[in-house]
Structures are given as C-alpha cells and as structure tokens.
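>>> Below: sequence and its predicted model.
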Amino acid sequence: MPFIILILTTLGGALWWWARQNPRDAIDMAADAATTVRNAPRRLAFRKQTNAHPVEGIDDPRIAICAIAQAFIELDDLPTKDQRDRLYVQLRSKLRCSEEEAQEMEVLGRWLQGQCQNPEAAITRLARRLRKIDGDASWDLLQDMLGSLVAGELSQNQVSAIADIKRAFHR
C-alpha cells in the first residue's frame with residue numbers, strides 16, 4: 001500500500017510541476033478533453049432538437065440498431081456479461097465500428113433506452129425511427145444482430161418486441 005501511495009504522489013507531483021511550467025498547455029489539454037466529451041454525440045450523428053424526444057435526434061441507423069439490441073437483451077432481466085460481450089462483438093463486426101465508436105454507441109444506446117423509460121417502449125420508438133431514417137435497408141442487419149444475441153429460446157417479451165419491430169417496419 002505505501003508503494004501505491006508513493007507512485008500516486010510521484011505522478012501527482014509530476015503533473016503539478018508540468019502544469020506549473022506549462023500552464024498554456026495544461027489549459028489547452030483540459031479544453032480539448034472537454035470539447036471531445038461535448039462533441040462525442042455529434043460525431044456519432046446525434047443531434048438534439050428542442051421539444052422533441054432524444055430518439056428523434058438520431059440520424060445514424062447504427063445508433064438505432066445498437067440501442068434496439070441493448071433494449072432487446074434487457075427485456076427480461078439485466079443482461080449478462082456474455083450478452084454484453086456478444087453485443088460488443090456484433091457492433092464491431094456487423095456494423096463495422098472501431099473500438100471507440102462501439103463503446104460510444106453502447107453508452108449512447110443505454111442513455112436513449114433510459115430516456116424511453118423501459119425496454120419495450122424503447123424498442124417500439126427506436127424501430128419507428130430506424131424505419132424513418134433508413135427504410136427497409138437495415139431490416140436484415142437488425143434481424144441478424146438480434147438473432148445472434150439470443151442464446152436459446154426467446155422469451156414472451158422478446159417475441160412481443162419482435163412483433164413490434166415487424167409492425168414498425170410494416171412487415
């Protein structure tokens with residue numbers, strides 16, 4: 001424990017010394033970090049609209065697919081680590097995302113799902129938005145992703161969610 005405290009103290013001292021010697025660089029670095037955090041949703045094609053639900057601000061079909069997949073695995077219970085790992089792999093392979101994009105989409109997808117209050121409402125709203133921004137082009141991709149996330153039989157809630165998605169896509 002004293003060794004860890006020594007390392008942390010040394011790092012803190014070096015950071016303090018660097019900030020005192022290079023105040024302009026330290027301020028620029030802090031401003032860059034804040035700008036990066038603030039622009040992350042914009043970089044992922046998410047725009048905020050006044051007096052509109054956050055789901056209506058989605059312009060990238062990949063974000064909607066990610067959020068639907070997250071809501072789908074949370075329908076019955078909290079998702080397991082295995083389900084979250086499979087979702088991450090699907091985002092990287094089927095949606096062709098970088099590691100950073102996949103992580104940002106997962107966070108944004110969870111937030112969008114939270115804005116819809118529950119997974120059922122999120123799936124319905126997100127499916128309608130996905131149909132609106134991408135038409136039928138993402139139907140096959142969405143089906144593949146949801147199929148690969150479920151191991152075993154579908155629950156009653158998941159069957160109902162698939163029916164809602166089909167209804168949103170007019171199938």
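Nice, thanks for sending it over.
>>> those helices in this structure, which residues are they?
2-21, 23-43, 61-73, 81-94, 99-115, 119-134, 139-149, 156-168 (DSSP state H).
>>> closest one to V55 among these?
helix 119-134 (5.0 Å; C-beta to C-beta). The C-beta positions use only the backbone N, C-alpha and C, and glycine is treated the same way.
>>> What residues of that closest one count as buried?
Neighbour-count burial for helix 119-134 flags 119, 122-131, 133-134 (criterion: 16 or more other C-beta atoms under 10 Å).
>>> I'd like to know which elements it is packed against.
On a contact count with 3 or more C-beta pairs under 8 Å, 6 or more residues apart in numbering; DSSP states H and E, helix 119-134 meets helix 61-73, helix 99-115, helix 156-168.
>>> Deepest in the core, which of those is it.
Looking across the helices and strands packed on helix 119-134 with neighbours counted as mean count of other C-beta atoms under 10 Å, the highest average goes to helix 61-73: a mean of 26.
>>> Which strands and helices lie in contact with that one?
helix 81-94, helix 99-115, helix 119-134, helix 139-149, helix 156-168.
>>> With mean pLDDT and distance to A14 as added columns, please give these in TSV.
Shown next, in TSV, are the helices and strands packed on helix 61-73 (pLDDT from 0 to 100; distance: least, C-beta to C-beta, whole Å):
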stretch	mean pLDDT	distance to A14
helix 81-94	86	35
helix 99-115	86	27
helix 119-134	91	45
helix 139-149	86	45
helix 156-168	89	52
